[in-house]
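Novice: return atomic coordinates for the entry below.
(2 chains)
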Amino acid sequence: GIQVEQSPPDLILQEGANSTLRCNFSDSVNNLQWFHQNPWGQLINLFYIPSGTKQNGRLSATTVATERYSLLYISSSQTTDSGVYFCAVAGRDYKLSFGAGTTVTVRA
Amino acid sequence: NAGVTQTPKFQVLKTGQSMTLQCAQDMNHNSMYWYRQDPGMGLRLIYYSASEGTTDKGEVPNGYNVSRLNKREFSLRLESAAPSQTSVYFCASSEDRNLGYTFGSGTRLTVV
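Specialist: Okay, here's the model as predicted:
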């Protein structure tokens, strides 16, 4: 399957700061999604973004499929942004594989 | 608008016992999935169903069976539970296997 690498593994932010999370993948993809897992374990789909750029409030994402990476931007971070952010990709087999995640801690 | 509903939320089993994890979605999605999440790791695909009537193995299918009962429901069965199956199990669905996923809230399973 496709290998997914996320960086950094951990990120500590002061409330109000901006940050960028990166996802590198090893092959061409048909599907790329970003998820947020909150401290209670719930997984929320943030973006379905196999290519291009999308924005949703303070969050935005860009996928450059030809260069095999995706970026998730968090602006004006809030304590509710804390949790683990996962990138997940699928290739021709349609099996979505997850990266190990980036743990984000936002301090008030 | 419940989305994806998983039952039970918590379960403790003894080694060798069997159980079925239930999953139902009310979004008329075609594809459904079972993942497990272990501490410090991402999610790993156990089985999936691209459409009603079909199922296929994922990355870690050993020790599990699945049934796509109808379009709404996709169950995961452990025939003889082992401590290595202690995990949090997530069910997900999508309109199509190549679109965005919606996850349930998870089942925390402990095998002792």
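
Novice: mind listing the strands for chain A?
Specialist: Here chain A has its strands, by DSSP state E, at A:4-7, A:10-14, A:19-25, A:31-37, A:43-48, A:52-56, A:59-64, A:69-74, A:83-90, A:97-98, A:102-107.

Novice: deepest in the core, which of those is it.
Specialist: With neighbours defined as mean count of other C-beta atoms under 10 Å in any protein chain shown, the strands of chain A peak in mean count at strand A:83-90, which reaches a mean of 24. No exception for glycine: its C-beta is placed from N, CA and C like everyone else's.

Novice: list the strands paired with that strand, with their directions.
Specialist: For strand A:83-90, the paired strands and their directions (DSSP bridges) are strand A:31-37 (antiparallel), strand A:97-98 (antiparallel), strand A:102-107 (antiparallel).

Novice: JSON lines for those strands, including mean pLDDT?
Specialist: Formatted as JSON lines, those follow (pLDDT from 0 to 100):
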{"stretch": "strand A:31-37", "mean pLDDT": "97"}
{"stretch": "strand A:97-98", "mean pLDDT": "96"}
{"stretch": "strand A:102-107", "mean pLDDT": "98"}
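
Novice: and those as JSON lines, adding distance to B:Q37?
Specialist: Formatted as JSON lines, the strands paired with strand A:83-90 follow (distance: least, C-beta to C-beta, whole Å):
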{"stretch": "strand A:31-37", "distance to B:Q37": "9"}
{"stretch": "strand A:97-98", "distance to B:Q37": "9"}
{"stretch": "strand A:102-107", "distance to B:Q37": "14"}
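
Novice: just the pLDDT at residue 60, thanks.
Specialist: In the absence of a named chain, this looks at chain A. A:S60 is assigned a predicted lDDT (pLDDT) of 98.

Novice: try chain B instead
Specialist: For B:V60, pLDDT reads 96.
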